[in-house]
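S.K.: I would like to see how this sequence folds:
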Amino acid sequence: MHRRTLLRLPALAPLAAPALWPAAARAQAAAWPSQPIRLLVPFSAGGPTDLPARLVADELSKSFGQRVVVENRTGSGVIVASDAVAKAPKDGHTLLYTTVGHSVARALFPHLPFDPIADFQPVAHIGRIHNVVMVNKAVPAQSLPELLKLFRDNPGKYDYASNGNGGSIHLATELLLAMAGGLEVNHVAYRGSTAAMPDLLSGNVSMMVDVISSGMPFIERGEMRGLAITARERSPLYPDLPTVAETVPGYESFTWHMVLAPAGTPAETVATLNRAINAVMAQEGVRQTLRKQAMDIVSDSTPQSSAAFLRAEIEKWEALIVRAGIKAS
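M.R.: Numbers count the residues shown, from 1 in each chain. Down below sits the predicted model:
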């Protein structure tokens, strides 16, 4: 956590500040937004995170009378974009659209230039996208119980693919293996799930836990065998797919989307942003578009509920990373 040094103020400043700050904050919030809003996305344009971010940005632009401009700031996972937002002016004109990667950054990179909790103010929880457990057709398992038995009976014989060390797929799979009894399956890291797919299709690796929107087209074409989804309940889009929790009670994994502001952003501005984002997420056209990407939409979050969710996610994944000895690639 960063230590901050307060500037030495004139003797009267401590007396004047309490009276002046609330009025200044109200005036700043009333004038907001006074310029275009930058929405930084830590991933490349056209990807599964960028597309919802642009949809939200376009709708917010209509609400505010100022453009909300998506800026793809990639590098070191989520770190480059997150650091830029953490150090941005605390005026509500620079925001971060991030995912579960935010909750694992501290455990994977112990010398972060920011603190994922202290340096950010959660604004709104956008939604969650669950995963699907799939295997190549050569794997002699027709169901998740059969697959877990196969792994249990053959420790170290099979491999699973991920989108990189410490990525969401890696963590979701390690959580499954741990909750299924500490199964020993070899991890093969790729630069994204798209890069892993050819080896999964050819049988060079046996299994991958991928986001539903990416994995289901291969399953529907019969190129891969889908065994279970990682939601608590069966998906209305794929009712024949059981949940992992039906075999491994209590299991759930997903990537989530959230908008964060720099810590210290005026509460009035955060509240206005939260109301506007919730209104966007309640629009039927927006909901239909995001459902096609298998997102479970959140349209009633608050800054407080978003902050509590973020803290819980950080505690959950940091504990797994330490227990499994996961290191960043």
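S.K.: do you know how far the residue nearest the centre of the chain is from F254?
M.R.: Nearest to the mean C-alpha position of the chain, by C-alpha atoms, centre = their mean, lies T99 at 2.0 Å. Shown here: T99 relative to F254, a distance of 10 Å by C-beta to C-beta, to the nearest Å. All C-beta spots, glycine's among them, are computed from the backbone N, C-alpha and C.
S.K.: okay but I79 is in contact with H111, surely?
M.R.: No. Counting by C-beta atoms under 8 Å, I79 does not reach H111; the two are 10.5 Å apart.
S.K.: who's more crowded, the two?
M.R.: The residue with more neighbours, out of I79 and H111, is I79; 21 against 5, by other C-beta atoms under 10 Å.
S.K.: can you tell me how far the more buried one sits from N131?
M.R.: From I79 over to N131 (counting by C-beta to C-beta), the distance is 23 Å.
S.K.: give the rounded mean pLDDT of the lengthiest strand in the chain.
M.R.: Secondary structure of the chain per DSSP state E: the longest strand is strand 120-135. The average pLDDT for strand 120-135 rounds to 96.
S.K.: now swap in stretch 183-202 and tell me
M.R.: On average, stretch 183-202 scores 91.
S.K.: which other residues reach that stretch?
M.R.: With C-beta atoms under 8 Å, 6 or more residues apart in numbering as the test, stretch 183-202 has contacts from 134, 136, 148, 151-152, 155-156, 158-165, 167, 169-170, 173-174, 177, 205-208, 210-211, 214, 218, 223-224, 329.
S.K.: which ones among the residues you listed lie within strands?
M.R.: M134, D159, Y160, A161, S162, M207, M208, D210, V211.
S.K.: compare those residues and tell me which is most surrounded.
M.R.: Neighbour counts for the ones in strands among the contacts of stretch 183-202 (other C-beta under 10 Å) peak at M208, which has 30 neighbours.
S.K.: surely that one and D159 touch.
M.R.: No. M208 lies out of contact with D159 (C-beta under 8 Å); the separation is 9.8 Å.
S.K.: show me where the protein has helices.
M.R.: Applying DSSP state H to the chain gives helices spanning 13-31, 50-64, 79-86, 101-108, 144-153, 168-179, 193-202, 212-220, 267-281, 284-291, 303-324.
S.K.: which of those helices sits closest to V123?
M.R.: helix 267-281 (5.0 Å; C-beta to C-beta).
S.K.: the closest one: how far from the chain's middle?
M.R.: In terms of C-alpha atoms, centre = their mean, to the nearest Å, the centre of helix 267-281 is found 19 Å from the chain centre.
S.K.: in it, what's buried?
M.R.: By 16 or more other C-beta atoms under 10 Å, the buried positions in helix 267-281 come out as E268, T269, V270, T272, L273, N274, A276, I277, N278, V280, M281.
S.K.: which residues touch it?
M.R.: By C-beta under 8 Å, 6+ apart, helix 267-281 touches 25-26, 28-30, 32, 56, 59-60, 63-64, 91-92, 95, 121, 123-124, 126-127, 259, 261, 286-287, 297-303.
S.K.: any weak-confidence spans in this protein?
M.R.: 1-30, 329 (pLDDT under 70).
S.K.: can you give me the domain assignment for it?
M.R.: The chain is divided into the following domains under automatic domain parsing: 36-128+255-324, 130-246.
S.K.: what's the distance between the first one and the middle of its chain?
M.R.: The one in question is domain 36-128+255-324. That offset, for domain 36-128+255-324, works out to 8 Å (C-alpha atoms, centre = their mean).
S.K.: quote the end-to-end distance of that domain.
M.R.: One end of domain 36-128+255-324 to the other measures 43 Å (C-alpha to C-alpha, to the nearest Å).
S.K.: give me every residue that touches P242.
M.R.: Going by C-beta under 8 Å, 6+ apart, P242 touches S143, L144, L227, A228, I229, R234.
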